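would you be able to build a 3D model of this:
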Amino acid sequence: MVKSIIYGSETQDPHSEQVAQLAQETYNANVLPMLIKNLPKLDFESKKDVAQIFNNLLRRQIGTRSPTVEYLGARPEMLVLLVNGYQNGDIAVTCGHMLRECIRHDQLAKILLQHESFYKFFTYVELSAFDIASDAFATFKVLL
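Reported below is the predicted structural model:
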């Protein structure tokens, strides 16, 4: 349902008013932190859907404003949740994908670079699980 509102369907493009209303309700109900916190409980396809929805909301702009960037900028703990996702192999790559999309925005990258959780990347890039370590390195590279 959410994906169909954001992306539309094969026969119909998304309605910008519905997308704006859905995004606003997502912010008001603090859905994004709940989705991140509950990623470990979701199956693989649902995790992909969450990342896709999250990243789409993050790219959304109204004029020169990026409402999701502003939302996340006011809640740095959400960026920390994504960084901490590297500690769980089941969600590490999903969190990394979402985090890389976040740090493409200078405001969010600056927050993360100045936060103590940034230093966890030095540990994550040396993990024995190659997929997690390489994903963490890709995120680390985008940050710098």
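
straight-line length of stretch 60-77, end to end?
Between the opening and closing residues of stretch 60-77 lies a distance of 21 Å (Cα to Cα, to the nearest Å).

which element is the residue most central in space within the chain on?
Using Cα atoms, centre = their mean, the residue of the chain that lies closest to the mean C-alpha position is residue 98, 3.1 Å off. Assigned by DSSP states H and E, residue 98 belongs to helix 92-102.

what sits up against that helix?
36, 39, 47-48, 50-51, 54-55, 58-59, 72, 79, 81-86, 108-109, 112, 129, 131-132, 135-136, 138-139, 142 (Cβ atoms under 8 Å, 6 or more residues apart in numbering). Where C-beta positions appear, they are placed from N, C-alpha and C, glycine not excepted.

taking helix 92-102 as reference, get the angle to the lengthiest helix in the chain.
Longest helix of the chain, by residue count under DSSP state H: helix 44-59. Per axes from the mean of the first three to the mean of the last three Cα atoms, to 10 degrees, the angle that helix 44-59 makes with helix 92-102 is 10 degrees.

which SSE is immediately downstream of helix 44-59?
helix 67-73.

what's that next one packed up against?
Where contact means 3 or more Cβ pairs under 8 Å, 6 or more residues apart in numbering; DSSP states H and E, helix 67-73 is packed against helix 16-28, helix 31-37, helix 44-59, helix 106-113.

at 6 Å what do you get?
Applying 3 or more Cβ pairs under 6 Å, 6 or more residues apart in numbering; DSSP states H and E, one finds that helix 67-73 contacts helix 106-113.

what are the contacting residues of the helix it packs on?
With contact meaning Cβ atoms under 6 Å, 6 or more residues apart in numbering, helix 106-113 is reached by 69, 72, 73, 76, 79, 102, 103, 118.
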